[in-house]
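1. Return atomic coordinates for the entry below.
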Amino acid sequence: MTYRVRRQCRPGRAHASSEPRSPGASGPEAQARRGRADPTSRALRVRPPPRPSPAAAAGPAARHEERSPFPTASIPAREEMTTPNKTPPGADPKQLERTGTVREIGSQAVWSLSSCKPGFGVDQLRDDNLETYWQSDGSQPHLVNIQFRRKTTVKTLCIYADYKSDESYTPSKISVRVGNNFHNLQEIRQLELVEPSGWIHVPLTDTHKKPIRTFMIQIAVLANHQNGRDTHMRQIKVYTPVEESSIGKFPRCTTVDFMMYRSIR
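-> Now for the predicted structure:
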């Protein structure tokens, strides 16, 4: 005979049941609502992952820059945009004369000025001295007139300016005009100068790149640096191309027999 023993529950204690408990009936959340939350239950909470730092999000290159103890050298963009390019100086006109391809013809012309300060006129403009200069004494534009007695072929005009010495007297805009007289001058060149210091070469050529033929050249100073009123020009040179001779050039005689016939006595 088999006996079954029934286990009695103690009073005040709920009978264990195999049925699933409803959520919220017990556990940490229910205890928290009742104000008796277990301190050890905090460890069971899922915390969000920490946010990555900006350097880690940018990549290894950014982390390397962040760790670098040396500052990165940089040029301000304002200086790059506002720094003008200075007008480069040209070659010394005497070097052009040594090549034998051009010749200075300023002495064959009549020079006149729109105005000048006493002792600073045409003589100082043509004395081959870079320490002297022509100084105007009037309103703009300041004019230099170069007139030839006959129609002359002109290839290059050379002007010497020195911003370091003249500052606000230095021309910043120059117009070059040619023609037969004062009444039919035409502008062929206009120059924008930025702090020039040296010789400025102005080619006087036509549309076919050939030297022009003219009776008159006029140089007009339209503006100066720093809005200066009067102007300084230290030297002006006018060059014409040297025409090639129709007679061929022969080498010099090197033997005594040939030297006997090099001249007629």
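2. Bridged to residue 153, which residues?
-> Counting by DSSP bridges, residue 153 forms beta bridges with residue 213.
3. tell me the helices in the stretch 101-250 of the chain, going along the chain?
-> With helices called from DSSP state H, counting those that start in this stretch, the stretch 101-250 of the chain shows them at 122-125, 163-166.
4. got the ones you listed as JSON lines, with distance to residue 148, mean neighbour count and mean pLDDT columns?
-> Where C-beta positions appear, they are placed from N, C-alpha and C, glycine not excepted. Below are those laid out as JSON lines (distance: least, CB to CB, whole Å; neighbours: other CB atoms under 10 Å; pLDDT from 0 to 100):
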{"stretch": "helix 122-125", "distance to residue 148": "15", "mean neighbour count": "17", "mean pLDDT": "96"}
{"stretch": "helix 163-166", "distance to residue 148": "29", "mean neighbour count": "16", "mean pLDDT": "94"}
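5. Mind putting those helices into JSON lines with distance to residue 203?
-> JSON lines is the format used below for the helices of the stretch 101-250 of the chain (distance: least, CB to CB, whole Å):
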{"stretch": "helix 122-125", "distance to residue 203": "21"}
{"stretch": "helix 163-166", "distance to residue 203": "22"}
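6. low pLDDT regions in the chain?
-> For the chain, the stretches flagged by pLDDT under 70 are 1-85, 87, 244-253, 262-265.
7. quick revisit: right, and the helices of the stretch 101-250 of the chain - which one's nearest residue 219?
-> Distance to residue 219, taken as CB to CB, is lowest for helix 122-125 among the helices of the stretch 101-250 of the chain, at 10.4 Å.
8. Show residues contacting that closest one.
-> Helix 122-125 is contacted from outside by 111-113, 116, 132-134, 144, 233-236, using CB atoms under 8 Å, 6 or more residues apart in numbering.
9. Indicate which one of the helices of the stretch 101-250 of the chain is closest to residue 211.
-> For residue 211, the closest of the helices of the stretch 101-250 of the chain is helix 122-125, at 22.8 Å, according to CB to CB.
10. Any of the contacts of helix 122-125 buried? List them.
-> Buried members of the contacts of helix 122-125, scored by 16 or more other CB atoms under 10 Å, are 111, 113, 116, 132-134, 144, 233-236.
11. which one among those gets closest to residue 150?
-> The closest of these, once distances to residue 150 are taken by CB to CB, is residue 111, at 16.3 Å.
12. what sits against that closest one?
-> 122, 125-126, 144-147.
13. Same check on residue 141?
-> By CB under 8 Å, 6+ apart, the contact set of residue 141 is 114, 175, 220-222.
14. make it 7 Å
-> With contact taken as CB atoms under 7 Å, 6 or more residues apart in numbering, residue 141 is in contact with 220-222.
15. quick one: it from residue 229, how far?
-> 12 Å (CB to CB, to the nearest Å).
16. rewinding a little: so which of the contacts of helix 122-125 is the closest to residue 188?
-> Distance to residue 188, by CB to CB, is smallest for residue 144 among those, at 15.3 Å.
17. mind checking how far that closest one is from residue 209?
-> Taking CB to CB, one finds residue 144 at 25 Å from residue 209.
18. for residue 200, same thing?
-> The value you get for residue 200 to residue 209, if CB to CB is used, is 20 Å.
19. Of these two, which one has the most company?
-> Neighbours per residue, other CB atoms under 10 Å: of residue 200 and residue 209, the larger number sits with residue 200, 19 against 7.
20. Go ahead and confirm that one touches residue 90.
-> Yes. Counting by CB atoms under 7 Å, residue 200 does reach residue 90; the two are 6.1 Å apart.
21. For the stretch 151-265 of the chain, which segments are assigned as strands?
-> Taking DSSP state E, counting those that start in this stretch as the test, the strands found in the stretch 151-265 of the chain are 156-162, 171-179, 186-192, 197-203, 212-224, 232-233, 235-241.
22. Buried ones in the longest one, by neighbour count?
-> Spelled out, it's strand 212-224. In terms of neighbour count (16+ other CB under 10 Å), strand 212-224 has its buried residues at 212, 214-221, 224.
23. Pick out the most distant pair among the residues you listed.
-> Largest separation among those by CB to CB: 215 and 224, giving 28.7 Å.
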